[in-house]
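Peer 1: Return atomic coordinates for the entry below.
(one chain, ligands or ions: 1)
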Amino acid sequence: MPTIAYFGPEGTFSEQAARAARPDHTFVPVVTVPEALTTVRQGRADLACVPVENSVEGAVSATMDALAVDEPLVAVGEVVLPITFSLLVRPGATMADIKSVASHPHALAQVQGWLGAHLPDVPRFASTSTAAAAVGVLDGQYDAAITAPVAVEHYALDVLHTAIADVDDAVTRFLVLRRPGALPAPTGSDRTSISAVAAYQRTGVLAEMLTELALRGINLSRIESRPLKGRLGEYRFYLDFDGHIAERRVGDALAALHRRCQHVRFLGSYPKADPTPTIAGLDNADEDYLAADEWVSSLRAGRTG
Ligand SMILES: O=C(O)C(=O)Cc1ccccc1
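Peer 2: As a prediction, the model looks like this:
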C-alpha cells in the first residue's frame, strides 16, 4: 500500500486533508512540516500532505521555507478543507478549570476573539500542531486545546465548545507532494506553483516577472514572498498561477522566468481543488502558439508567410 506522511499527530487538519486526497493510502504521522517533506525526500513515504495557506491567516511559512530548500519535491494535488475549531479539556473539567490553552499558532490566531471574550486572562501556548495541543492536555501540560473537531475521536478529552472560530467559512489549502517524476496529466483546470529568486535590487524585476504571465493570459492566483534570511531586502517569491506546464503559454512563461530570474524552482502542475475550467487568455491557446510557430518557421525557410 502506498504511504502518505502528514503533519500530525493523529487528529490534525492535515490528516483529514491526507485522507480526503488519498483514502486508500497508509497514513504516517510526523511531528513537523519539514519532517513530512524529509520523510518523502528520503523515500520513507511516497507522498506528504502539508498545509500551505489559510484564508484567514495566510501562508504557512514553515511549508514555504521547507519547499524551497533541499531536494525538490513537486505537488501532485491540492485539498481545500473547511476549518472549524473545538475547545477540548480533560474529562469533567469546566471553563473555570482552564488556566492555560494551547494550539497551533494558526489556530490560536483564528480564535483570538473568542478567547478574548471567554478566557480573557488565560495564557496561550503555541504547540507544533492542533492535535499536539490535545496530547499536551492529556499529559497535563495544558488545560485546554483548540483542535479540529475530529481530534476528540483520537484523544480521551471532553468537548467544551465547538465552532469557536472568529471567521465562519475559513478554509485551509493543503498540498500533496512527492519526489519529482511523471507529472499529473493536464485536466483543463490545473494550477502551477513555482518559487523564484530574482537578481538583488534589480529595479522592476517583480513587475517583469508578472508581466511574463499577464502577457500570456495566465491568471496569477497567489503571490508570496519569504526573506532569503541572509540580509534584509532579498526575497524568494512564490507564485501560483492557472494552467499546466504541458500547455504552451505556461511552458513559455516558465522559460521566460528562467531567463529573467537567478533561480526558479518548479513546484508542480496539478489539478485545482475547484474544477472550474481554466480559460486561456485571448490568443494564448496552444493552437495560437502552434500557428505562430509555423509562421516563424516558414519565414526562416525563406517564405514570406
Ligand atoms: O495543526 C493542524 O491540525 C494542522 O493541520 C495545521 C493547521 C492549523 C490550523 C488550521 C489549519 C491547519
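
Peer 1: Can you pull the residues of this protein lying near the ligand?
Peer 2: Residues of the chain found near the ligand (CB under 6 Å from any ligand atom) are 7, 12-14, 51, 54, 83, 104, 106-107, 129-131, 148, 172. All C-beta spots, glycine's among them, are computed from the backbone N, C-alpha and C.

Peer 1: Please identify which two of those residues are farthest apart in space.
Peer 2: Asn54 and Ala131 (16.6 Å; CB to CB).

Peer 1: Those two: who's more crowded?
Peer 2: Ala131 (29 against 20; other CB atoms under 10 Å).

Peer 1: Now do the phi/psi pair for the more buried one.
Peer 2: Dihedral pair for Ala131: phi -70, psi -30, per degrees, to the nearest 10.

Peer 1: do the one 10 residues further on as well
Peer 2: Recorded main-chain torsions at Gln141 are phi -70, psi -40, according to degrees, to the nearest 10.

Peer 1: Could you check how far it is from Ala133?
Peer 2: Distance of Gln141 to Ala133, given as CB to CB, to the nearest Å: 9 Å.

Peer 1: where do the contact lists of those two overlap?
Peer 2: Ala102 (CB atoms under 8 Å, 6 or more residues apart in numbering).

Peer 1: Among those two, which residue is more densely surrounded?
Peer 2: Set Gln141 next to Ala133 and count neighbours by other CB under 10 Å: Ala133 wins out with 28 against 15.

Peer 1: Before we go further, the more buried one is sitting in a helix, right?
Peer 2: Yes. According to DSSP: H, G, I helix; E, B strand; the rest coil, Ala133 belongs to a helix.

Peer 1: That one against Asp139, yeah?
Peer 2: No. Applying CB atoms under 8 Å as the test, Ala133 and Asp139 come out as separate, 10.6 Å apart.

Peer 1: list the buried ones in the top helix by length along the chain?
Peer 2: Taking DSSP state H as the criterion, the chain has its longest helix at helix 286-300. Using 16 or more other CB atoms under 10 Å as the test for burial, helix 286-300 gives Tyr289.
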